[in-house]
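> no sequence for this one, just the structure:
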């Protein structure tokens, strides 16, 4: 029998306590991979994403419904803001009752429970107490049960995706590997996920988001391959890239969100799928699935790399870069798909992360195999191909961009001095690697590379960054040789 009435009483007490002690310390869990990180090497600063706002708006709507059930319309917005406050305000007993109602309750109990949980799981600060209270198994149970109403099941999937940002949650996959099959069914539109188009689209978006979280960890790629999740991501990614190329369903800034939920869900699903493919391209097992895929997955990633949508562009460039430096087969596939041209073009794009991905791949970075050595197997004209496409000028142009410069477009952090300094380091490493090739070094010298580096060294003389100065000095020496 449902314990809904008991839960309602405790929720009233919890909400009233939250109203009394509300604060702003909780940190929202961004619903999209927005952090800047290179193909390899040290991490770059994190850039905020407006996806958080979209996800917060959706979850807040459910919270409004739950609060209205408990307090009425007048207190709804106040109660929701309070419940989304700090972790120490969450009562484990209330959470356990919510988990119980989600599994054992009647439909109204389930709807109320998942509505309240959706206003909590979106905050990373809440994750520890939520996991300790047994919320995740209850959410996964609701997601895995096709008899649960889609309106509850889809929101439970979104909550589960939130919690899977925590490494502790990912440990559940070791004992619940079949859960990935549920995500595969959702990505393929199988099973009972919607009572209308909005629920169906949102379910796929949540599934793609969860899989993109998992794909960010190489250790989980083997499990994703065995379960068929990696193949499902590749299938859906190829389909979405092809459709969006025809529909031009891209948004030129992170703040330009669609005007209706169906379109927003479609854009979100494509962005999360692109992020998942980028993650899979980071390991041999994951990349093998992409290269062996019968469709045009790499062509789709190249299309994303040339997109006006900053998120699609970032992960498209990153995925193409990872494939290019992975192996001879990876480079051949990237070359055949037009990926080298896309990488060169990305050097001049607005997104600093896309620039770093491209610079790392087009240069010859640290201990990894170099791009030019891979191209040598295809006829020995590797350097000339990159030179003709403008790689030397593109790499040098990254040193000429200034912090505070606004070129319009995506503008996802490029105006930050710290982020721009990270881009300078990416460019310098790529240029240093490129100078190891005689033809590339000659092309850089011909493009006034020495003068550009000298001007850059004068510009950064007061920055006080020893790593940046060391990279610039080493490059100047190489170009003077």
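Happy to help now that I have it. Owing to the predicted nature of the structure, the values given are computational and were not obtained by experimental measurement.

> show me the contacts for residue 313.
304, 305, 306, 307, 346, 349, 351, 354, 410 (C-beta atoms under 8 Å, 6 or more residues apart in numbering). Any C-beta I mention is one placed from the backbone N, CA and C, and that applies to glycine too.

> what's the spacing between it and residue 134?
Separation of residue 313 from residue 134 (C-beta to C-beta, to the nearest Å): 40 Å.

> same question, residue 297
Look at residue 297 and residue 134: by C-beta to C-beta, they are 38 Å apart.

> looking at the two, which is more packed in?
residue 297 (27 against 16; other C-beta atoms under 10 Å).

> what residues are up against that one?
Residue 297 neighbours (C-beta under 8 Å, 6+ apart): 234, 237, 238, 277, 290.

> same question, residue 452
By C-beta under 8 Å, 6+ apart, the neighbours of residue 452 are 396, 399, 400.

> just the helices in the stretch 151-300 of the chain please.
Listed in chain order, the helices of the stretch 151-300 of the chain (DSSP state H, counting those that start in this stretch) span 167-170, 172-175, 179-187, 197-215, 221-227, 229-247, 261-280, 284-292, 297-305.

> between the ones you listed, which gets nearest to residue 359?
helix 297-305 (13.8 Å; C-beta to C-beta).

> quick one: name whatever helix or strand follows that closest one.
Downstream of helix 297-305, the next assigned helix or strand under DSSP states H and E is helix 310-326.

> now the helix or strand where residue 115 lies: mean pLDDT?
Counting by DSSP H and E, the element that carries residue 115 is helix 107-121. On average, the pLDDT along helix 107-121 is 95.

> repeat for stretch 319-328
90.

> mind checking how far that stretch is from the chain centre?
In terms of C-alpha atoms, centre = their mean, to the nearest Å, the gap separating the centre of stretch 319-328 from the centre of its chain is 19 Å.

> ditto for stretch 183-191
21 Å.

> give the buried residues for it.
183, 184, 185, 186, 187 (16 or more other C-beta atoms under 10 Å).

> report pLDDT for residue 415.
Value for residue 415, per-residue pLDDT: 59.

> and residue 309, by the same measure?
87.

> ok, it to residue 126 distance?
30 Å.

> between the two, which is the more surrounded one?
Using other C-beta under 10 Å as the criterion, residue 309 and residue 126 rank with residue 126 on top: 28 against 24.

> touching, that one and residue 120? I think so.
Yes. Residue 126 is in contact with residue 120 according to C-beta atoms under 8 Å; the separation is 4.8 Å.

> list residues touching both of these two?
residue 90.

> I'd like the distance between the residue lying closest to residue 181 once chain neighbours are set aside and residue 180.
Spatial nearest neighbour of residue 181, chain neighbours left out: residue 227 (6.1 Å); criterion: C-beta to C-beta, 6 or more residues apart in numbering. Distance of residue 227 to residue 180, given as C-beta to C-beta: 4 Å.

> who has more neighbours, those two?
Taking neighbours as other C-beta under 10 Å, residue 227 and residue 180 compare with residue 180 leading, 22 against 19.

> dump the residue contacts of that one.
By C-beta under 8 Å, 6+ apart, the neighbours of residue 180 are 173, 223, 224, 227, 228, 229.

> quick check: phi and psi at residue 133.
Recorded main-chain torsions at residue 133 are phi -90, psi 0, according to degrees, to the nearest 10.

> find the nearest non-adjacent residue to it, please.
residue 95 (3.7 Å).

> just the angle between the helix or strand harbouring that neighbour and helix 107-121, please?
Secondary structure assigned from DSSP H and E places residue 95 in helix 92-104. With axes from the mean of the first three to the mean of the last three C-alpha atoms, to 10 degrees applied, the angle from helix 92-104 to helix 107-121 works out at 130 degrees.

> picking that back up, which ones are touching the residue nearest to residue 181?
177, 180, 181, 184.

> surely the first one and residue 223 touch.
Yes. Using C-beta under 8 Å, residue 177 makes contact with residue 223 at a distance of 6.4 Å.

> that older thread, check which residues of the helix holding residue 95 are buried.
Across helix 92-104, burial judged by 16+ other C-beta under 10 Å covers 94, 95, 96, 97, 98, 99, 100, 101, 102, 103.

> and it, what other elements does it pack with?
helix 4-21, helix 107-121, helix 127-132, helix 135-144 (3 or more C-beta pairs under 8 Å, 6 or more residues apart in numbering; DSSP states H and E).
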